[in-house]
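In: Give the three-dimensional model of this entry:
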Amino acid sequence: MREGRMLSPTNEGGDPGCAYLLEADETALSCGMPRQPRSSYCSKHHALCHVAYGTSAEADRLREVELLACAVGGRQGWHGSEPSRPFLERLQYAVRDFA
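Out: Residues are numbered from 1 along each chain as shown. Here you go, the predicted structure:
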């Protein structure tokens, strides 16, 4: 059985614990384990999600975010129901080095 807590828009019981989202069919579940100090995650999930400041991993992540922002038009996002073919091609080109 998978442990986890249902996400709630309000924080009814104090600290909800680790915010890492677990896979669930139709319900969002968070890990719920005690959080690591100064983190939204438990030790296990903090190690998966945290990118240390000043590292090459941080530089790679920032570069990826910038490329994705350029591919989607920055703050001027597209408002259609499906992404256009040119958008998908730009996105594929932008993230090819990160796959």
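In: Could you point out the longest helix of this protein?
Out: helix 56-71 (DSSP state H).
In: Which elements pack onto that helix?
Out: Judged by 3 or more CB pairs under 8 Å, 6 or more residues apart in numbering; DSSP states H and E, the packing partners of helix 56-71 are helix 85-95. From N, CA and C alone the C-beta is placed, and that goes for glycine too.
In: Return the set of buried residues in the helix it packs on.
Out: For helix 85-95, the buried set under the neighbour-count rule, 16 or more other CB atoms under 10 Å, comprises 90-91, 94.
In: Can you tell me which of those lies closest to residue 53?
Out: Relative to residue 53, the closest of these is residue 94; by CB to CB it sits at 24.2 Å.
In: okay, the closest one: pLDDT?
Out: Looking at residue 94, its pLDDT reads 76.
In: Next secondary structure after the lowest-mean-pLDDT helix or strand in the chain?
Out: None of the helices or strands of the chain scores lower by mean pLDDT, DSSP states H and E than strand 5-6, at a mean of 52. Later in the chain than strand 5-6, the nearest helix or strand by DSSP states H and E is strand 21-22.
In: From the contact count, pick out the helices and strands touching that next one.
Out: strand 29-30.
In: Which other helices and strands does the strand it packs on contact?
Out: Packing partners of strand 29-30 (3+ CB pairs under 8 Å, 6+ apart): strand 5-6, strand 21-22.
In: let's see it at 6 Å
Out: Helices and strands touching strand 29-30, by 3 or more CB pairs under 6 Å, 6 or more residues apart in numbering; DSSP states H and E: there are none.
In: tell me the domain ranges of this structure?
Out: 1-50, 56-95 (automatic domain parsing).
In: Next one, pLDDT for residue 59 please.
Out: Reading off the model, residue 59 has pLDDT 89.
In: can you count the residues close to it?
Out: Neighbours of residue 59 under the rule other CB atoms under 10 Å: 11.
In: And the one 4 residues further on, by the same measure?
Out: By other CB under 10 Å, the residues close to residue 63 number 12.
In: cool, and residue 30?
Out: Neighbours of residue 30 using other CB under 10 Å come to 21.
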